[in-house]
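Peer 1: no sequence for this one, just the structure:
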């Protein structure tokens with residue numbers, strides 16, 4: 001039996017194995033699609049199917065409606081009180097996606113009643129708004145646990161209003177809700193736009209002295225909350241606590257307010273030693 005070409009085959013297989021090990025190591029550091037390989041001039045069938053599955057998951061994350069009653073029950077068990085439900089002026093998901101402006105404005109709670117009449121005025125220092133955003137799935141999966149972490153971090157120092165659940169909501173809807181709540185700082189938990197790597201990422205937007213007309217420049221954002229791959233609940237809560245404290249000192253949130261949570265974690269003694277010896 002001829003063995004012609006066997007040495008070349010071994011070299012090819014060895015190179016292929018080395019290449020796969022290289023990409024496997026890199027994939028541990030990112031959720032991006034890298035080193036997909038090829039079959040002829042196309043992607044391997046398995047990679048194509050993975051892409052289609054990820055695209056379907058992203059679409060489902062956008063279009064699956066939020067289970068408001070279930071979420072309200074979970075949040076109520078955390079001890080902040082019953083959650084009010086606010087809808088934006090977007091009448092359905094299709095209009096919400098076509099008209100972002102309508103997602104920023106509150107709808108009337110009932111015929112003949114003013115908007116936000118169902119939101120109690122608390123005068124508390126902090127209010128939570130749980131908004132479905134572009135991924136209701138993210139709010140369903142991470143919202144209750146994130147609120148629990150925020151309560152643990154903030155409740156010892158600040159008064160917290162009963163939460164509000166907002167549907168067909170954009171971030172700016174939180175400003176209108178916060179005005180009705182009468183809170184000094186609003187923390188909006190919202191489902192972020194799904195991608196092909198992550199469909200359940202939660203974001204937090206913090207606005208100090210909220211009112212209608214605020215812009216994105218007046219807010220601070222903590223994004224990519226989806227443990228275990230993304231930011232964890234406890235870590236995100238510490239960032240929020242630092243921003244709340246800083247906003248109260250500075251008198252505003254937004255571009256002038258910086259996250260100092262990592263610096264605070266180092267400790268003053270270590271910070272001094274790091275800077276020592278410099279002229």
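Peer 2: Yep, that arrived. Computed from a predicted model, the values in this text were never measured in an experiment.
Peer 1: show me what contacts residue 104?
Peer 2: Residue 104 is in contact with 88, 170-173, counting by C-beta atoms under 8 Å, 6 or more residues apart in numbering. Just so you know, the C-beta spots here come from the backbone N, C-alpha and C atoms, and that holds for glycine as well.
Peer 1: would you list the phi and psi of residue 164?
Peer 2: The phi/psi pair for residue 164 (degrees, to the nearest 10) reads phi -130, psi 130.
Peer 1: quick check: bridge partners of it?
Peer 2: The bridge-partner assignment for residue 164, based on DSSP bridges, gives residue 84, residue 129.
Peer 1: quick check, it in contact with residue 86.
Peer 2: Yes. Here residue 164 lies in contact with residue 86, judged by C-beta atoms under 8 Å, at a distance of 5.7 Å.
Peer 1: those two: which is more packed in?
Peer 2: When residue 164 is set against residue 86 and neighbours are counted by other C-beta atoms under 10 Å, the residue ahead is residue 164, at 28 against 25.
Peer 1: coming back round to it: what do residue 164 and residue 86 both touch?
Peer 2: 119, 177.
Peer 1: quick one: residue 210 from residue 125, how far?
Peer 2: According to C-beta to C-beta, to the nearest Å, residue 210 stands 12 Å off from residue 125.
Peer 1: right, I mislabeled it, should have said residue 61
Peer 2: Noted for residue 61: a distance of 33 Å to residue 125, by C-beta to C-beta.
Peer 1: more neighbours, these two?
Peer 2: Neighbour tally, residue 61 and residue 125, criterion other C-beta under 10 Å: the higher count belongs to residue 61, 24 against 16.
Peer 1: give me the element the more buried one is part of.
Peer 2: Element membership for residue 61 (DSSP states H and E) is helix 45-63.
Peer 1: show me what that helix is packed against.
Peer 2: Contact here means 3 or more C-beta pairs under 8 Å, 6 or more residues apart in numbering; DSSP states H and E; on that basis helix 45-63 packs against helix 93-98, helix 136-154.
Peer 1: most tightly surrounded among the ones you listed?
Peer 2: Between those, helix 136-154 has the highest mean count of neighbours, a mean of 22, where neighbours are mean count of other C-beta atoms under 10 Å.
Peer 1: off-centre distance for it?
Peer 2: Relative to its parent chain, helix 136-154 has a centroid offset of 10 Å by C-alpha atoms, centre = their mean, to the nearest Å.
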